[in-house]
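Student: No letters, just coordinates:
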């Protein structure tokens, strides 16, 4: 079994392109219900319960958006099956195994990037021993050992994104421990069954370092301070129960990364684009337009259920006016004096954040 991880293209300032989120009236289930039901009834009747509860949909090639002129040579997959999962659910892992064995796809696209690929290989002992920074959660520094993961985070997202990722890793670990479930069982199930049937695993999510870097830059100074303060309160509090004055990130109902992102976006609306809409589009492109899926007959996507509406919409509504690199570009400033001052302030704040976080964690041991 191969694992395909596209190398991020050269960075450039993002163009004035517009990511189209689903309109309020769009419902992914009704949009492709007829195609999904007819295909499942004819070929995979054992999967019909997943269709009825909205976890599984089929998007056939004729429903995709147009292939852009600059990529007429590209042959998109004939069928894309999308399975929505819960990252903390044992049932989702069973559903993944059932779907992949039934459909027998050429490629299995997972909602992971290279930095988080280690989640697919984490054993029970590793999840218990690695601690919150390397443990199995969506923000964990895994996949290339600790220092390799640190280096990659800095290279792709910078120090600010690394500090934010460390905070979110601790916070996500606390959520997972509170739910008493390991994170990402469905990804481990996808990897095992893909090996069993000889399918290729495709890492379909945007590098988390770039996502966090773009999210951080979308906030103003006051929002950044409030976010960091809220995350600290969530990490150091004895439980994740809410109070009347708690921020959205401290709510105990945020049991998945998508729910956490969604709550963050309600408190900080500028985060909605980099954390959700851009990633939905990136995942959709990985399903139908990455080199790994070219000429494929069947592709299965394993994504969080909260992304279903956005990903299915992006598959169908994409007009071909954006490219992968449009979602991974970073802004570069030519003002070296300003960059130096900002860098000094940033590094001082990051140093304080990491020191305070270390003291907090060590105090609990």
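Tutor: Ah, there it is. Quick caveat, the model's predicted, so the values are computed rather than measured.
Student: Now do the helices in the stretch 1-150 of the chain.
Tutor: 28-43, 48-52, 90-103, 124-129, 145-179 (DSSP state H, counting those that start in this stretch).
Student: weakest of those helices in terms of mean pLDDT?
Tutor: Mean pLDDT is lowest for helix 124-129 among the helices of the stretch 1-150 of the chain, at a mean of 51.
Student: Secondary structure element holding residue 206?
Tutor: Counting by DSSP states H and E, no helix or strand carries residue 206.
Student: With the one 4 residues further on instead?
Tutor: In this assignment (DSSP H and E), residue 210 forms part of helix 208-217.
Student: again, but for residue 223
Tutor: Assigned by DSSP H and E, residue 223 falls in helix 221-236.
Student: Can you spell out which helices and strands pack onto the following helix or strand past that helix?
Tutor: Next along the chain after helix 221-236, taking DSSP H and E as the criterion, comes helix 257-267. Counting contacts by 3 or more CB pairs under 8 Å, 6 or more residues apart in numbering; DSSP states H and E, helix 257-267 packs against helix 145-179. For every residue, glycine as well, the C-beta is placed using N, CA and C.
Student: what is the mean pLDDT for the helix holding residue 210?
Tutor: Mean predicted confidence for helix 208-217 is 86.
Student: what residues does stretch 103-113 touch?
Tutor: For stretch 103-113, the external contacting residues (CB atoms under 8 Å, 6 or more residues apart in numbering) are 4-5, 44, 77, 81, 100, 119-120, 187, 190-191, 193-194, 197, 199-208, 283, 286-287, 292-293, 296-304, 307.
Student: List buried residues within the residues you listed.
Tutor: 4-5, 44, 77, 81, 100, 119-120, 187, 190-191, 193-194, 199-208, 283, 286-287, 292-293, 296, 298-304, 307 (16 or more other CB atoms under 10 Å).
Student: number of nearby residues for residue 320?
Tutor: 13 (other CB atoms under 10 Å).
Student: Backbone torsions only: list them for the spatially closest residue to it that is not a sequence neighbour.
Tutor: Of all residues not flanking residue 320 in the chain, residue 68 sits nearest, at 2.9 Å (CB to CB, 6 or more residues apart in numbering). Dihedral pair for residue 68: phi -70, psi 150, per degrees, to the nearest 10.
Student: Just want to check the distance between residue 68 and residue 282.
Tutor: 16 Å (CB to CB, to the nearest Å).
Student: again with residue 308
Tutor: Counting by CB to CB, the gap from residue 308 to residue 282 is 15 Å.
Student: How about residue 105?
Tutor: Distance from residue 105 to residue 282, by CB to CB: 20 Å.
Student: Same check on residue 35?
Tutor: 24 Å.
Student: Which one of those two is surrounded by more residues?
Tutor: Neighbour totals were compared for residue 35 and residue 282, and residue 282 leads with 26 against 16 (other CB under 10 Å).
Student: And the pLDDT at that one?
Tutor: With respect to pLDDT, residue 282 has a value of 93.
Student: by how many degrees do the host helix or strand of it and helix 257-267 diverge?
Tutor: In the assignment (DSSP H and E), residue 282 maps to helix 278-288. Helix 278-288 and helix 257-267 are oriented at 140 degrees to each other (axes from the mean of the first three to the mean of the last three CA atoms, to 10 degrees).
Student: Report the next helix or strand after helix 278-288 in sequence order.
Tutor: Heading C-terminal from helix 278-288 (DSSP H and E), you reach strand 298-304.
Student: List the pairing partners of that following strand within its sheet, with orientation.
Tutor: strand 79-85 (parallel), strand 107-110 (parallel) (DSSP bridges).
Student: Redo the ones you listed as CSV? Include mean pLDDT.
Tutor: Formatted as CSV, those follow (pLDDT from 0 to 100):
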stretch, mean pLDDT
strand 79-85, 97
strand 107-110, 98
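Student: on contacts alone, who are the packing partners of the helix holding residue 210?
Tutor: Using 3+ CB pairs under 8 Å, 6+ apart: helix 208-217 touches helix 145-179, helix 278-288.
Student: mind redoing it with 6 Å?
Tutor: Applying 3 or more CB pairs under 6 Å, 6 or more residues apart in numbering; DSSP states H and E, one finds that helix 208-217 contacts helix 145-179.
Student: Check which element follows the helix it packs on along the chain.
Tutor: Following helix 145-179 toward the C-terminus (DSSP H and E): helix 185-197.
Student: Next, the angle from that following helix to helix 90-103.
Tutor: 20 degrees.
Student: Quick one: residues in contact with helix 185-197.
Tutor: 1, 85, 92-93, 96-97, 100-101, 104, 108, 110, 119-120, 201, 302 (CB atoms under 6 Å, 6 or more residues apart in numbering).
Student: of those, closest to residue 227?
Tutor: residue 119 (24.5 Å; CB to CB).
Student: Quick check: closest non-adjacent residue to that closest one.
Tutor: Looking at residue 119 with CB to CB, 6+ apart, the closest residue is residue 184, at 4.3 Å.
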